[in-house]
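Enquirer: The following block contains a protein sequence and its predicted model.
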Amino acid sequence: MSEQIHLEKNENGELDVRVLVPIQRHELLVRLFNELPVADSFTFINDHDPIPLYYEFKSIYGDVVDWIYLNKGGRDWKVKVTRTEESKARDMSNIATLMDLRNVDPKEWKHIVFHRYGMMEANTVMEIIAKIDPEEIKSIFENKFAGQFTWTYKKQVPDEVVVHLEKIEKSGLGDDGFAVVNEFDIRPYPPTERHEMFYQAFADIKPGEAFVFINDHDPKPLYYQMEAESKEPFRWEYLEQGPDEWKVRVVKVVK
């Protein structure tokens, strides 16, 4: 069990979670919503659209979430969250998180699932509920994460498919045949700039080239986001794995 995260509100009474690493943001906001009295709210600022969190709130607590964007775009997303009614949280005793996709546009499924999966710890389970078999998501895992997960159907009836997706960590691939053309340390920069630096570095290299970056926490969520969305093949290789310094080599693979 990780240590409980606390964050002071800014002068406007808002929580700027951009100062936290992704898993800490998630843990803090889920806990705050769980403790939120009916009709009360909190406002938080994030560096990207936190819509997967909205669906997770609804999956766990039901349709009691009022979610209002006060600002959209760039690295300054501001959301006001209100609990509209009392509700009993779903049983989470055997799972790390729940994603109920039955009322979610299927176009959003990959973003929601991979975003949250990237923050899961090894040997934990995401429960996915959908009206139809989420075959596309399963196919991506089979093609890109073979040996790193298990996919178990717990229920398959009309209009309800329940899957347990367990994360089994494995790191890097590790072969050669590339040229490292850039190395940089993103630790001195605020979280709002780190993703932008990473994506720019990837865009700047050619197939057969690589860059190395250093971070102050495991950037695994970024890896899963890249796997789900990148149109260019790449390899992700850990050179150092914490606790204070994480060094990763990213190779753009020759097709």
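Expert: That came through, no problem. Numbers count the residues shown, from 1 in each chain.

Enquirer: show me the contacts for S41.
Expert: Residues near S41 by Cβ atoms under 8 Å, 6 or more residues apart in numbering: D66, K80, V81, T82, R83. C-beta coordinates here come from the backbone N, C-alpha and C atoms, glycine included.

Enquirer: quick one: which helix or strand includes V212?
Expert: strand 209-215 (DSSP states H and E).

Enquirer: Report the backbone C-alpha coordinates of that strand in CSV.
Expert: The C-alpha trace of strand 209-215 is given here as CSV (Å, rounded to 0.1, in the frame of the first residue of the first chain):
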residue,chain,number,x,y,z
GLU,A,209,18.1,6.3,-34.3
ALA,A,210,17.4,6.5,-30.5
PHE,A,211,17.3,8.9,-27.6
VAL,A,212,17.8,8.5,-23.9
PHE,A,213,15.9,10.3,-21.2
ILE,A,214,16.0,10.5,-17.4
ASN,A,215,13.0,10.8,-15.2
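
Enquirer: what's the angle from whichever strand or helix holds P221 to strand 209-215?
Expert: Element membership of P221, judged by DSSP H and E, is helix 220-229. Between helix 220-229 and strand 209-215, the angle comes out at 150 degrees (axes from the mean of the first three to the mean of the last three Cα atoms, to 10 degrees).

Enquirer: for the helix or strand just after helix 220-229, which positions count as buried?
Expert: Downstream of helix 220-229, the first helix or strand assigned by DSSP H and E is strand 234-241. Buried residues in strand 234-241, defined by neighbour count with 16 or more other Cβ atoms under 10 Å: F234, W236, E237, Y238.

Enquirer: From the contact counts, what lies against the helix holding P221?
Expert: If contacts are counted by 3 or more Cβ pairs under 8 Å, 6 or more residues apart in numbering; DSSP states H and E, helix 220-229 sits against helix 109-117, helix 135-144, helix 191-204, strand 234-241.

Enquirer: Mean pLDDT and distance to Y54 for those - can I get that in TSV?
Expert: Formatted as TSV, the helices and strands packed on helix 220-229 follow (pLDDT from 0 to 100; distance: least, Cβ to Cβ, whole Å):
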stretch	mean pLDDT	distance to Y54
helix 109-117	86	9
helix 135-144	88	19
helix 191-204	87	20
strand 234-241	91	28
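
Enquirer: so which of these is the most packed in?
Expert: Highest mean neighbour count among the helices and strands packed on helix 220-229 (mean count of other Cβ atoms under 10 Å): helix 109-117, with a mean of 21.

Enquirer: What lies in contact with that one?
Expert: For helix 109-117, contacts defined as Cβ under 8 Å, 6+ apart pick out 26, 51-52, 55-56, 97, 99, 101, 104, 126, 128, 130, 134, 136-137, 140, 165, 167, 221, 224-225, 227-228.

Enquirer: Stretch 60-69 too?
Expert: Outside stretch 60-69, the residues touching it (Cβ under 8 Å, 6+ apart) are 30, 33-34, 41, 54, 57-58, 77-87, 89-90, 92, 97-98.

Enquirer: can you tell me which of those are in helices?
Expert: Among those, DSSP state H puts V30, F33, N34, Y54, F57, K58 in helices.

Enquirer: Next, the contact list for the fourth one, please.
Expert: With contacts taken as Cβ under 8 Å, 6+ apart, Y54 has the following neighbours: V65, W67.

Enquirer: now it: how far from D105?
Expert: 13 Å (Cβ to Cβ, to the nearest Å).

Enquirer: Mind listing the strands the strand holding V212 pairs with, and their directions?
Expert: strand 179-185 (parallel), strand 246-252 (antiparallel) (DSSP bridges).

Enquirer: What ranges in this structure fall below the confidence cut-off?
Expert: For the chain, the stretches with pLDDT under 70 are 1-3, 169-177, 255.
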